[in-house]
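Undergrad: I would like to see how this sequence folds:
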Amino acid sequence: MDGLAGAVFWGGVGGLFAWRINLPGGAVVGAMLATAVYNLLQPARVAMPGWLEVLIQISVGVMIGLSADRSLLPLLRTVLPLALLGAIGFLLFGFSMAALAVRMGWLDAATALFGFTPGGISVMSLVAAEEGGRPAVVATMHFVRVVTILLAAPLVVRLWLHIRGCQ
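TA: Below is the predicted model:
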């Protein structure tokens, strides 16, 4: 089995396995890791057709949109300023990390800026390519970030809640 069908198959197996063993972010993390390993073992990189990527992004958007309800409206007054402050903080930290990576000679400016700026793997990689960066490096940086956060965040939240006596 090769190509996109193989990637979907092994991504599905990895996602189901990680979900079944209760890995934090299991389905997503397992699918990403299994698909990445599969793709690395192929003689040529398997690419997702653009139309399928858009369809999947729309599906994820619908799934997230369906989680919204009227109880969120009063929270916007509190959450929106915090979210904007968080975004500014992430950008400042990302720009600082990019400046360090460029200064140390580890990365070129476009790759560093798009690699450390928070955002989606596919979008940041595409924009990096358009701006003269190295999209594969940017994708790798974001992949590591996403997997690390998906694995660590649930554990940190559980620990924090346990320490505060919330569980």
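Undergrad: tell me which stretches of the chain form helices.
TA: 3-20, 26-41, 50-65, 76-103, 109-116, 121-130, 135-164 (DSSP state H).
Undergrad: okay, these, which one's buried deepest?
TA: Of the helices of the chain, the one with the most neighbours on average (mean count of other C-beta atoms under 10 Å) is helix 109-116, at a mean of 23. Bear in mind the C-beta positions are built from the backbone N, C-alpha and C, glycine included.
Undergrad: now find how far off-centre it is within its chain.
TA: 16 Å (C-alpha atoms, centre = their mean, to the nearest Å).
Undergrad: give me the nearest residue to Phe93, chain neighbours excluded.
TA: Of all residues not flanking Phe93 in the chain, Phe116 sits nearest, at 7.9 Å (C-beta to C-beta, 6 or more residues apart in numbering).
Undergrad: hmm, Ala101 and that neighbour touching each other?
TA: Yes. If you go by C-beta atoms under 8 Å, Phe116 and Ala101 touch, sitting 7.3 Å apart.
Undergrad: so what's the closest residue to Gly119 other than its chain neighbours scoring on pLDDT?
TA: Once flanking residues are discounted, Gly119 sits nearest to His142: 7.4 Å by C-beta to C-beta, 6+ apart. For His142, the pLDDT comes out at 90.
Undergrad: then Gln167?
TA: 62.
Undergrad: for the closest residue to Gly12 other than its chain neighbours, list the residues it contacts.
TA: The shortest distance from Gly12 to any non-neighbouring residue, by C-beta to C-beta, 6+ apart, is to Ala31 (6.9 Å). Residues near Ala31 by C-beta atoms under 8 Å, 6 or more residues apart in numbering: Gly11, Gly12, Gly14, Gly15, Ala18.
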